[in-house]
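Enquirer: Provide a 3D model corresponding to the input given below.
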Amino acid sequence: MSNQNLVETLNEYLSLGINQQLDYDKFYLYSIITHSTAIEGSTVTEIENQLLFDEGISANKPMAEQLMNIDLKAAYEQSFVYAKTHTDFSIELLCTLASLVMKNTGSTYKTIGGDFSSAKGDLRLLNVSAGRGGKSYLAWQKVPDRLQNFCNWINRGRKNIDKKDIKKIYELSFEAHYRIVSIHPWTDAYAPKEQTSIISNYANGALATYGNGRMSRLIMNMIQYEAGVVPSIVKKENRAEYIQSLSLSQENEDSSIFVDFMLNHHVENLQKQIAEYKASMEK
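Expert: Sure, this is the predicted structure:
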């Protein structure tokens, strides 16, 4: 993805005033939430979320799916508060956001390492693997140090980045997304509550992140929001390619595979919105 292509697409997007439409910020956020939860199995649509969020009208969908969307909305709203005040990332901040993301879908676990609750945003005290016989994530004992290193890294990146270099801003946000997923700080898979390890559902094209996935995309958008760029949406229809790019990056220990995918995906999404907007204006 060339910097010129990205900048030209963003300039056209902004010059058309797409982001100035009535309730743009609200409905764009609803779209982000809907697609983020859909990647992890939610079937709630954007229209259903609009009714749920604005009117309190429940959809004819499983309650767990609706709660997942309600919780993610609350977490995004809190993340924007942090972004507006340029609050430094910390383990406490990340766990606070995770507690909102998984408030009604997390569980309490009893493990050799101790008791913890993903619904409270606690860091995992057990090990997780990606699919039976697949990749194992970082040992739970190492998670706090690795997460602190992440906070130090992202805080430096946010302070030192050139605010005029749009591509670098997006690359930083996508790299942050990748690092959080790879650390896998939280446990929230639908699994027995008393165990010492969890095998996440990563086989057969399923994403082994659950709340970690929602958190990683939220952090990505939080960084973009703070920088004032158009937030990116991982569209549910591109779920397979998204998972594949993440898996390839992890297998090759090369985040650029995932970052490049996300850059191209974001530009394609913007170009599609531009085309739809122009078509609506012609009508």
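Enquirer: which residues in the stretch 151-283 of the chain form strands?
Expert: Counting by DSSP state E, counting those that start in this stretch, one finds strands in the stretch 151-283 of the chain at the ranges 197-200.
Enquirer: Helices along that one, start to end?
Expert: Remark: helices assigned in the stretch 151-283 of the chain by DSSP state H, counting those that start in this stretch are 166-183, 211-227, 239-252, 255-282.
Enquirer: Out of these, the one nearest His86 is which?
Expert: Closest to His86 of these, according to C-beta to C-beta: helix 211-227, at 6.6 Å. Backbone N, C-alpha and C define where each C-beta goes, glycine included.
Enquirer: mean confidence for that closest one?
Expert: Throughout helix 211-227, pLDDT has a mean value of 96.
Enquirer: relative to helix 166-183, how tilted is that helix?
Expert: Computed with axes from the mean of the first three to the mean of the last three C-alpha atoms, to 10 degrees, the direction of helix 211-227 lies at 160 degrees from that of helix 166-183.
Enquirer: quick one, what contacts the residue positioned nearest the centre of the chain?
Expert: Central residue of the chain (C-alpha atoms, centre = their mean): Arg217, 1.2 Å from the mean position. Contacts for Arg217 (C-beta atoms under 8 Å, 6 or more residues apart in numbering) come out as Ile32, Ser36, His177, Val234.
Enquirer: The first one touches Ile233, doesn't it?
Expert: Read it as Ile32. Yes. The pair Ile32 and Ile233 qualifies as a contact (C-beta atoms under 8 Å) at a distance of 5.2 Å.
Enquirer: Give me the residues contacting stretch 100-113.
Expert: Residues from elsewhere that reach stretch 100-113 (C-beta under 8 Å, 6+ apart): 64, 67-68, 70-72, 74-75, 78, 115-121, 124-126, 140-141, 186-188, 191, 193-196, 211, 214-215, 218.
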